[in-house]
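In: Whatever this is, show me its structure:
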Amino acid sequence: MLVPLLMFIAVGLLGYASFMKLSARILRYRVAWRSSFLFAVVMLIVVIVARILDVGQPPLIAIGHWVVVIAGLIILGSWFFAKRGTDSVGQVLGFERALRLSGFAFLLMFMTAGALFLLTHVIFHLHPPSSP
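Out: As a prediction, this is how the structure comes out:
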């Protein structure tokens, strides 16, 4: 039970920090690895607490709750990186450009998750698991 939990934490932290660095690179901003990992820790805590609050909720309420959580994380990320991120000239990003950075990182995560979902769907559709 402990190993899957630790793997979830490690993959979550490394994944979000990497997506933040990738989105900063694409947008030609600079974000330190330390800041990316620090926000990934904050985000992981928020996600775990939100997941605990969703236990036993009807699916429609849980989906609505997650929309609010994701919007809150994007706004929290823009506040967090407003003073910790810089552009290519070295100026601090500010709230608007940090909002763009945080939103783009989430967009990259959703696109990657969607591509992996479609890939697994196609693979299992073409090669269904054999029955014993």
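In: May I ask which helix or strand encompasses residue 116?
Out: Assigned by DSSP states H and E, residue 116 falls within helix 94-126.
In: burial count for residue 7?
Out: 10 (other C-beta atoms under 10 Å). Every residue, glycine included, has its C-beta placed from N, CA and C.
In: which parts of the host helix or strand of it are buried?
Out: Using DSSP H and E, residue 7 sits within helix 2-26. Neighbour-count burial for helix 2-26 flags 12, 13, 16, 17, 18, 19, 20, 21, 23, 24 (criterion: 16 or more other C-beta atoms under 10 Å).
In: Which of those residues sits closest to residue 118?
Out: Among the buried residues of helix 2-26, residue 19 lies closest to residue 118 (C-beta to C-beta), at 18.7 Å.
In: Would you confirm that the closest one contacts residue 109?
Out: Yes: under the criterion of C-beta atoms under 8 Å, residue 19 makes contact with residue 109 at 5.3 Å.
In: Look up how far residue 106 lies from the nearest residue to residue 12 once chain neighbours are set aside.
Out: In space, residue 12 comes closest to residue 44 once its chain neighbours are excluded; the distance is 5.3 Å by C-beta to C-beta, 6 or more residues apart in numbering. Per C-beta to C-beta, to the nearest Å, residue 44 is found 14 Å from residue 106.
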